[in-house]
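S.K.: pasting the sequence and the predicted model now:
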Amino acid sequence: MLTRIAVFVSGGGTNLQALIDAQKNGILKSGRIELVISDVADAYALQRARNNGISTAIVLRKKFSGQVAYEDELLRLMDIYQIDLIILAGFMRILTAHFTEKYPKRMINVHPALIPSFCGKGYYGLKVHEAALAYGVKVTGATVHFVNEVPDGGKILLQKAVEVLDDDTPERLQKRVMEQAEWILLPQAAEMLSAELAKRGEKK
Ligand code: GAR
C-alpha cells in the first residue's frame, strides 16, 4: 500500500513540482500525493496540482474564528483523505501543537538554509536569503526536518550545502539553493519516509 501524502503550499510551488516530477520518474515510489492544500487562494502551486490531476483544497485562515478552528479544518481534511504523511513545501504559516502533535514524525518541512542558521519565526522565503547575504556567510543550503510545535525546530532529516557567490542577490541565491538542494532533498526525504511508514505498516 502506498503512503498517502498531503502537500501544504502557499506560493509558486516549485517544491511541489519537484515532488510531482519525482512521482512521475519513480524517485517517489512508496508514496502518492493525494491532496494539495493552500492557504492562499491564487497560489500558482494549486495550478500545478490541477495540471496533474491532484485534488486541491483552499483553506483560508481568515475564514476561521481562531487558530484552533483553522487547524481543526485542516485535520478534518487529513482524515477525509486518510493522509499518512504531510509535507510542508513553501507553506508560510506556523502550525501549533494542536495540529503538529497529531502527526509526530509524519510531517516534514523544507527550509532554505542550513538550520540552525537563519531559521525560526520571521525567516521564510526570500527573507532567509536576504539574511544570509547580510550576514556574509560563504555557504548556505537547505534542510528537510520533522515538524513540531517549534518553528523550524524539529529533528533534522537531510541537509545539503550550497556555495554563496560574491555577486549573489537574494533572488539568485534562492534559485541556486532550490536547484542544488531543495528540489533534490525534498523528494528524497518524501521517499525515505513513505517507504519507512509503508514498511512499518504505520499508515494511519
Ligand atoms: C522555498 O524556498 C521554501 O524552502 C521556502 O519558501 C520557498 C517556497 O518556494 N519555505 C520557507 O521559507 C518555509 N519556512 P516554492 O513555493 O516554489 O516551493
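M.R.: Happy to help now that I have it. Numbers count the residues shown, from 1 in each chain.
S.K.: and whichever residue of the chain sits closest to the ligand, how many residues sit next to it?
M.R.: Nearest residue of the chain to the ligand (CB to the nearest ligand atom) works out as residue 90 at 2.7 Å. Bear in mind the C-beta positions are built from the backbone N, C-alpha and C, glycine included. Taking other CB atoms under 10 Å as the criterion, the count of residues near residue 90 is 25.
S.K.: kindly report the same for residue 112.
M.R.: Residues near residue 112, counting by other CB under 10 Å: 27.
S.K.: got a list of what residue 156 touches?
M.R.: Applying CB atoms under 8 Å, 6 or more residues apart in numbering, one finds that residue 156 lies in contact with 115, 143, 144, 145.
S.K.: skipping its backbone neighbours, what lies nearest the second one in space?
M.R.: Just to be clear, that refers to residue 143. With CB to CB, 6 or more residues apart in numbering as the criterion, residue 143 has its nearest non-adjacent residue at 4.3 Å, and that residue is residue 115.
S.K.: in terms of helices and strands, where is the one you found?
M.R.: In this assignment (DSSP states H and E), residue 115 forms part of neither any helix nor any strand.
S.K.: so it sits right up against residue 152, yeah?
M.R.: Yes - when contacts are counted by CB atoms under 8 Å, residue 115 is listed as touching residue 152 (5.7 Å).
S.K.: is residue 36 bridged to anything, and to what?
M.R.: Residue 36 has these beta-bridge partners by DSSP bridges: residue 7, residue 56.
S.K.: for it, give its distance to residue 68.
M.R.: According to CB to CB, to the nearest Å, residue 36 stands 23 Å off from residue 68.
S.K.: these two: which is more packed in?
M.R.: Each of residue 36 and residue 68 has its neighbours counted (other CB under 10 Å); residue 36 has more, 28 against 12.
S.K.: and the gap between the more buried one and residue 95?
M.R.: Distance from residue 36 to residue 95, by CB to CB: 16 Å.
S.K.: same deal with residue 55?
M.R.: 20 Å.
S.K.: neighbour count for the two, which is higher?
M.R.: Per other CB under 10 Å, whichever of residue 55 and residue 95 has more neighbours is residue 95, with 23 against 15.
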